[in-house]
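> coords please:
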Amino acid sequence: MKFGLKTLLTAAVVAALAGCNANNSVNTNQANAAVVSAIQSSERPEAHRARDKYRNPLETLEFFGLQSDMTVVEITPGGGWYSEILAPTLKGKGTLYAAHFPADSEIGYYKKSLASFKDKVANDPRYSEVKVTEFFPVTHLDIAPASSADMVLTFRNVHNWYMQKDHEGLLSAFKAFNKALKPGGILGVVEHQLPEDRDDAQQKSSGYMKLSYVVDVAKQAGFELVAQSDINANPKDSADHPKGVWTLPPHLTMGEEQAEKYKAIGESNRMTLKFKKL
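As a prediction, this is how the structure comes out:
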């Protein structure tokens, strides 16, 4: 099933009127207020705020069903674009695990990114309760204690794991997410979307993935797709660019060459998928 944002919001209202659990409603409302506060925080860099129109953090986290007292694992948080929203939302009530790059990695970018993130945890009050763990397909899979998490979230990472470790790596990642989640726990995935009629081989180089393939891997790992949304869709994106998804903002890897053209397109067309652990 595919839902537009208006449909999702209408469904939420109907569910509430039908008598959803009152405690869940309170927790969700608290989470939404906390998310809004984190998004609007003056501590967020302007460059991060500028991307809200493409990443739709409030609508995305509402769609996944985030509540302020949950135990949540964010996978490969990088510089912490979503962490700076999730950490304040969960602080004091829930728990945030940040499954970052492995500490034993020899890759310079990974080492620098992890060190920067750990510095935020040590020195930025917003991150003071974040628990840093490690993740990398096949080799580093203990992202949180088994069956401890209510929700696992990953944003624009799936293509990296597939490009690095092929199907085996991607499946190992989803199995790690399943292991960390409680029965019935939620896996939220946002990923650059490749049209279904394209050659599968493009998934190895373009940065885009087919929705059907992502869903299939998740099912193999013990998940059920419960909903999908066009919250992060961008119909202007053809997913056919000289340097893959990195041609578009924010990377603009073509440099000044046709930069305005790609800025006009905006960030990538993205699938937004909600899975449940069986």
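> distance of the closest residue to residue 32 other than its chain neighbours from residue 140?
Computed as CB to CB, 6 or more residues apart in numbering, the closest residue to residue 32 that is not its neighbour in sequence is residue 62, at 6.4 Å. C-beta: built from backbone N, CA, C; applies to glycine. Taking CB to CB, to the nearest Å as the measure, residue 62 falls 31 Å from residue 140.
> Can you classify the residue nearest to residue 32 by secondary structure?
Here residue 62 is recorded as helix under DSSP: H, G, I helix; E, B strand; the rest coil.
> ok, how many other residues are close to it?
Residue 62: 20 surrounding residues under other CB atoms under 10 Å.
> Could I get the pLDDT score of it?
In this model, residue 62 is scored at 97, pLDDT.
> and stretch 86-97, how far from the chain's centre?
For stretch 86-97, the gap between its own C-alpha mean and the chain's C-alpha mean amounts to 16 Å (CA atoms, centre = their mean, to the nearest Å).
> now stretch 37-45
The mean C-alpha position of stretch 37-45 is separated from the chain mean by 19 Å, CA atoms, centre = their mean.
> Then stretch 213-225?
Using CA atoms, centre = their mean, the offset of stretch 213-225 from its chain centre is 16 Å.
> Report the buried residues of that stretch.
For stretch 213-225, the buried set under the neighbour-count rule, 16 or more other CB atoms under 10 Å, comprises 213, 214, 215, 217, 218, 221, 222, 223, 225.
> Among those residues, which ones are in helices?
Counting by DSSP state H, these place 213, 214, 215, 217, 218 in helices.
> With adjacent residues omitted, what lies nearest to residue 223?
residue 275 (4.0 Å).
> What is the burial count for the closest residue in space to residue 205 that isn't next to it in sequence?
Excluding its sequence neighbours, the residue lying closest to residue 205 (CB to CB, 6+ apart) is residue 244, at 6.3 Å. The number of residues packed near residue 244 is 19, by other CB under 10 Å.
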